[in-house]
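> Build the 3D model from these lines:
(chains A and B)
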2 protein chains.
Amino acid sequence: MTKCSIEIAEHSGFCFGVERAIQMALQALKEYENVVTLGPIIHNPQMVQYLQKKGLGCVNSIEEITDQVVIIRSHGITNENYKKLQEKNVIIIDATCPIVKKAQNFAKKLTAKDYQLVILGEKAHPEVEALLSYVDDKSIVVDNPNEKLELDDMKIALIAQTTQSEETFELLGFKLLKMCRELHVVKTICNATKLRQEETRMIAKKVDIMFIVGGKNSANTTRLAEIARQERCESFHIETADEIHNKMFRSNQKVGICAGASTPAWIINNVKNKINKYLCEDNLNV
Amino acid sequence: MTKCSIEIAEHSGFCFGVERAIQMALQALKEYENVVTLGPIIHNPQMVQYLQKKGLGCVNSIEEITDQVVIIRSHGITNENYKKLQEKNVIIIDATCPIVKKAQNFAKKLTAKDYQLVILGEKAHPEVEALLSYVDDKSIVVDNPNEKLELDDMKIALIAQTTQSEETFELLGFKLLKMCRELHVVKTICNATKLRQEETRMIAKKVDIMFIVGGKNSANTTRLAEIARQERCESFHIETADEIHNKMFRSNQKVGICAGASTPAWIINNVKNKINKYLCEDNLNV
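Prediction:
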């Protein structure tokens, strides 16, 4: 019998904001007919598909919305789109993650105090697009601390997309400290994200191979895969157990599993069972 | 003839705040009799002695003051002492450096906004003692980034004694960034200090031996000596040319001179002439 070791991160799977958005969607489906989200409610295609089967629609632009109930997804919405929605004759259910909302409020407040705002984030991510819609034109998005920076101002504020890594955020803060006279930093990174990232790093240091489970379009899951790779751990970012095959393993390997904030428990479970089958039940082609 | 090279830092000597304090003292001596400072007006014993000869007195406690004109020195004064002075029947001339005053105002503002204030500075320096008198009990003074830090709060503000090094300040900022959720940094370091430090570092990289000229009790001069030593340059912190002797030199040495913000031009000149005599006029015992 091959020796077998699988470690699953405790902080894997649904965070508070995702859980809340899904519960709001399920509740809306009970109360109303014709419920849609503007863009996928969370960045997990399998979960989106599951909700679709329950009757949840998804539109990609405001123009497609007529008389439906509209759920604002966990990543939030731009100020312009929110105003357009209000002008339509629709019921709005706001499932924006409260932590994302808090980041938006900090962004507004800091901009109002005349800081030039720097946001650590992915330029094309809906959360960042929404953040940018609440601030002024001086604000800039930086996706890594090595990016060449040109600041217009000596009074800078720094916040982050909620799923960024704290380490990267601190490095960017240090770089900005050297460039300005006044720096106001607010760590808008969500705590669940931080704990998940720390646990991923800890497990990656111990195991030989790591499966990071979650949507390929999920920013927080992608970050976990990056962290595992930083620790020089062989890592696979997969969406479902279907992507696992026995050629991925060698005998006596220690395996780690971490899942993003939008990965449902059933997918994590399937991944664990599949690994168990290959690694622990002597099914390895070694 | 021995080869001779002496480089004098452009930013040596009196800064704006010191120049202003001395001018205010000289003016007061013209207008009033019985003028005293509370503590030495600047941290340069030779300049203080010069002003003493002109008639400027110096007391070390409020209790010694009776009916004199009192000059508040460039480093500022504690809030308590200011109030005590106001209660006495004396004329107050406030020669606090405007940049120090600005730092005091930032300290007050940040404390009022409920930040726990961290001050990079020397705990026993009069400027820091004055700063501390304007803030609440949570505030702490840190004299280097390697010091063990225990914060009570997750909302921190950071300022510095005006003569600290920017590099040290930025390192402390980076350390604090890792420890809290919100950090508001204001670089209260004076620009003349920054330029003087940068020039000192630049010269120290090029020369073999460095003379840092200024009061042994002068914080900003002491910092220049530290910077020169960081660059592994043989360095002497001297107050006057009397401390220079020819055993300090070897032939063909490149010599640098930098002086602190409270060092008068005549002392810098004497230092230059003495070095010139030993190094450039073949008077070396080599």
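
> Give me the below-cutoff pLDDT ranges for the stretch 51-200 of chain A.
Scanning the stretch 51-200 of chain A for pLDDT under 70 picks out no residues.

> can you pull out the helices in it?
A:79-87, A:98-112, A:126-133, A:166-177, A:191-206 (DSSP state H, counting those that start in this stretch).

> Ok, which of the ones you listed comes nearest A:Arg232?
Proximity to A:Arg232 (CB to CB) singles out helix A:191-206 among the helices of the stretch 51-200 of chain A, at 8.3 Å. C-beta: built from backbone N, CA, C; applies to glycine.

> Which elements pack onto the closest one?
strand A:209-213, helix A:219-230, strand A:254-259 (3 or more CB pairs under 8 Å, 6 or more residues apart in numbering or on different chains; DSSP states H and E).

> run the last query once more with 6 Å
In terms of contacts (3 or more CB pairs under 6 Å, 6 or more residues apart in numbering or on different chains; DSSP states H and E), helix A:191-206 is packed against helix A:219-230.

> List the buried residues in the helix it packs on.
If you call a residue buried by 16 or more other CB atoms under 10 Å in any protein chain shown, then helix A:219-230 has these buried ones: A:Ala219, A:Asn220, A:Thr221, A:Thr222, A:Arg223, A:Leu224, A:Ala225, A:Glu226, A:Ile227, A:Ala228.

> now swap in stretch A:53-68 and tell me
A:Leu56, A:Gly57, A:Cys58, A:Ile62, A:Ile65, A:Gln68.

> cool, stretch A:35-54 as well?
A:35-48, A:51.

> Report the distance from it to the chain centre.
Distance of stretch A:35-54 from the chain centroid (CA atoms, centre = their mean, to the nearest Å) equals 15 Å.

> sorry, back to before: could you look over the helices of the stretch 51-200 of chain A and pick the most buried one?
With neighbours taken as mean count of other CB atoms under 10 Å in any protein chain shown, these reach their highest mean count in helix A:126-133, at a mean of 22.

> Other residues contacting that helix?
Contact with helix A:126-133 is made by A:75-80, A:100, A:104, A:107, A:119, A:121-122, A:141, A:161, as judged by CB atoms under 6 Å, 6 or more residues apart in numbering or on different chains.

> What of stretch A:208-226?
Counting by CB under 6 Å, 6+ apart, A:43-45, A:122, A:125, A:163, A:165, A:193, A:200, A:204, A:228, A:233-238, A:253-263, A:268, A:271 sit against stretch A:208-226.

> for that stretch, what is the average pLDDT?
Summarised as a single mean, pLDDT over stretch A:208-226 is 93.

> can you pull the contacts of A:Leu85?
By CB under 6 Å, 6+ apart, the neighbours of A:Leu85 are A:Ile92.

> nearest to chain B, of the contacts of helix A:126-133?
When the contacts of helix A:126-133 are compared for distance to chain B (CB to the nearest CB), A:Ala107 wins out at 13.8 Å.

> any idea how far the closest one is from A:Leu279?
Distance of A:Ala107 to A:Leu279, computed by CB to CB, to the nearest Å: 45 Å.

> A:Ala228 too?
Taken as CB to CB, the span from A:Ala228 to A:Leu279 is 18 Å.

> Repeat that for A:Asp152.
For A:Asp152, the distance to A:Leu279 equals 54 Å [CB to CB].

> the more surrounded of these two?
A:Leu279 (26 against 8; other CB atoms under 10 Å in any protein chain shown).

> before we move on, back to that, tabulate the buried residues of stretch A:53-68 in JSON lines, adding columns for distance to B:Val213.
Shown next, in JSON lines, are the buried residues of stretch A:53-68 (distance: CB to CB, whole Å):
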{"residue": "A:Leu56", "distance to B:Val213": "76"}
{"residue": "A:Gly57", "distance to B:Val213": "78"}
{"residue": "A:Cys58", "distance to B:Val213": "73"}
{"residue": "A:Ile62", "distance to B:Val213": "70"}
{"residue": "A:Ile65", "distance to B:Val213": "75"}
{"residue": "A:Gln68", "distance to B:Val213": "78"}
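
> what two of those are the furthest from one another?
Counting by CB to CB, the most remote pair of these is A:Leu56 and A:Ile62, 17.7 Å apart.

> just checking, A:Leu29 is part of a strand?
No - counting by DSSP: H, G, I helix; E, B strand; the rest coil, A:Leu29 falls outside a strand, being helix.

> Let me see the contact set for A:Ile42.
So A:Ile42 contacts A:Val18, A:Ser74, A:Ser262 (CB under 6 Å, 6+ apart).

> can we see that at 8 Å?
If you count contacts by CB atoms under 8 Å, 6 or more residues apart in numbering or on different chains, A:Ile42 has them with A:Val18, A:Ala21, A:Ile22, A:Val48, A:Arg73, A:Ser74, A:Gly215, A:Ser218, A:Ser262.
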